[in-house]
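[1] with the input below, show me the fold.
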Amino acid sequence: MGARAGARAGAGAGARAGGGGGAGAPLGAGSRLSVPRGRRGPRAASVAGGGAGPPAPAWASSASSWEDFCWGLQAALCAQAEALEGEGAGGSSFARDPWERGENARGLTRVLQGGRVLEKAAVNVTVVEGRLTATRAEAMRQRRGGGSCAVEEGAPYAAAAVSLVFHARNPHVPTLRGDVRRMALLDEQGGVRAEWFGGGADLTPAYLEEGDCREFHRFWRDACSAHGGPELYPALKRQCDEYFYIPARREHRGVGGVFFDDLEPGAATGSAPVPDDPEAFARAVGAGLVDSWEGIARRRASAPFGEQERHWQCLRRGRYVEFNLLYDRGVRFGLDGGRIESIMVSAPPQVAWDYMAEVAPGSPEEAVTQVLQKPRDWA
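    Numbering: from 1, shown residues only. A predicted model of the protein is given here:
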């Protein structure tokens, strides 16, 4: 395990702002612009869970606006987590912190801390409207490589996203991260010229449970198959492995999942597998975030562990923070003028870095390290 004198750093647990998003979230405040708005603030529908069964909440309808969907999804994801927390003594609930930044950025940060299952969890909504800066327009052009609509400096835009991260107390429960997001270029009257959807879900275990990895990946394989056929999951799984990579460590942050970006409805895509309906797929991914992880959490939340397992969990969390601060597009963009508490709310509550930390040959710690260095096909 290496030395035990690792620096344990409180990563910060405030929940006061936004501006960053999940991985690659296209959010950030541009110059002021008056455009038609959906809801002016976080007035999400009250739902009892993520769930199935008629009647479906209004926000889950395909006829609802993307922004209304984000508010409703946030409420549903929090309700699912609170239900898991409330099944034993010491269950916790999410605090609410609505915020606004000028006239073109608003959101709701919701954070649960010190829970029975979840040591720290955050579910954020961020809504931004403005005009593209030269830097952002260039970044979009480079990443998209063309498309149905020119991306130019000064173009009006609107973006909204839901992002989630669950850090569990027990080292045997993996960290869950997920997000869904929409970016739209507008005309001067607020009409949509073009729109793109992104998002994904990925799993970061401290200890390798192969059955858990297979369950998680099969969930997302089936979700992809329902929206784009059998070729979609392998493509999005590969993109996830490529994105969540830490070059300085020569390892991946976790065991992956699915990741997609810049999906444009109706655009020509060549031979790349894409969902039949990018917006419907993004909505389905959002609705399935907690479902893909909850069964694993229920099985592992009561598993015994000691100081060694806890310290290893903190070391692995250190790698999680390294990726976010060094490589994550959404975090890096948000740190350039974004609201720091909401950006850093995804950080785990306790982290460790040991100098030259090593793992024992044949140990459970070595098993997960080997998988992170060479991703597997799980589904």
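
[2] can you show me the helices along the stretch 151-300 of the chain?
    210-228, 232-243, 278-288, 291-300 (DSSP state H, counting those that start in this stretch).

[3] out of these, nearest to I343?
    helix 232-243 (18.2 Å; CB to CB). (C-beta placed from N, C-alpha, C; glycine too.)

[4] ok so, going back, could you export the helices of the stretch 151-300 of the chain as TSV, including mean pLDDT and distance to T175?
    Listed next are these as TSV, based on pLDDT from 0 to 100; distance: least, CB to CB, whole Å:
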stretch	mean pLDDT	distance to T175
helix 210-228	97	12
helix 232-243	96	14
helix 278-288	96	17
helix 291-300	98	9
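
[5] reformat those as CSV; add distance to G199 and mean neighbour count.
    As requested, the helices of the stretch 151-300 of the chain are exported to CSV (distance: least, CB to CB, whole Å; neighbours: other CB atoms under 10 Å):
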stretch, distance to G199, mean neighbour count
helix 210-228, 11, 19
helix 232-243, 10, 20
helix 278-288, 5, 22
helix 291-300, 13, 19
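
[6] tabulate the ones you listed (a markdown table), appending distance to R177.
    Shown next, in a markdown table, are the helices of the stretch 151-300 of the chain (distance: least, CB to CB, whole Å):
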| stretch | distance to R177 |
| --- | --- |
| helix 210-228 | 12 |
| helix 232-243 | 11 |
| helix 278-288 | 12 |
| helix 291-300 | 10 |
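
[7] give me the neighbour count for G254.
    27 (other CB atoms under 10 Å).

[8] repeat for R316
    Residues near R316, counting by other CB under 10 Å, number 25.

[9] ok, now how distant is G115 from V128?
    Per CB to CB, to the nearest Å, G115 is found 30 Å from V128.

[10] what does Y207 give?
    Taken as CB to CB, the span from Y207 to V128 is 38 Å.

[11] who has more neighbours out of those two?
    Between Y207 and V128, V128 has the larger neighbour count (other CB under 10 Å), namely 24 against 21.

[12] check which helix or strand covers K120.
    If you go by DSSP states H and E, K120 is part of strand 118-131.

[13] can you pull the pLDDT of Y320?
    pLDDT, Y320: 97.

[14] ok, G318 to T369 distance?
    Remark: distance between G318 and T369 (CB to CB) = 13 Å.

[15] strands of this structure, start to end?
    7-10, 95-101, 105-113, 118-131, 156-168, 175-186, 192-204, 245-246, 251-252, 256-263, 350-353 (DSSP state E).

[16] so for G318 and T369, which sits in the more crowded spot?
    G318 (21 against 15).

[17] how close does the more buried one get to A79?
    For G318, the distance to A79 equals 31 Å [CB to CB].

[18] what does G198 give?
    24 Å.

[19] the two: who's more crowded?
    Between G198 and A79, G198 has the larger neighbour count (other CB under 10 Å), namely 25 against 19.

[20] my guess is that one meets F281, correct?
    No: in this structure G198 lies outside contact range of F281 using CB atoms under 8 Å: 10.5 Å.

[21] quickly list what's touching both of the two.
    F260, L263 (CB atoms under 8 Å, 6 or more residues apart in numbering).

[22] please tell me how far the closest residue to W66 other than its chain neighbours sits from G199.
    Nearest non-adjacent residue to W66, counting by CB to CB, 6 or more residues apart in numbering: R182, 4.8 Å away. Look at R182 and G199: by CB to CB, they are 9 Å apart.

[23] shared neighbours of the two, which are they?
    Joint contacts of R182 and G199 (CB under 8 Å, 6+ apart) are A282.

[24] so for those two, which sits in the more crowded spot?
    Between R182 and G199, G199 has the larger neighbour count (other CB under 10 Å), namely 31 against 24.

[25] rewinding a little: mean pLDDT for the strands of the chain: which is lowest?
    Lowest mean pLDDT within these: strand 7-10, a mean of 33.

[26] just give me the residue closest to the centre of this structure.
    G178 (2.7 Å; CA atoms, centre = their mean).

[27] that residue contacts A201, doesn't it?
    Yes: with contact defined as CB under 8 Å, G178 counts as touching A201 (3.9 Å).

[28] and V274, its phi and psi?
    Dihedral pair for V274: phi -140, psi 160, per degrees, to the nearest 10.

[29] my guess is it contacts E231. True?
    No: V274 is not in contact with E231 according to CB under 8 Å; the separation is 9.6 Å.

[30] thanks a lot, catch you later.
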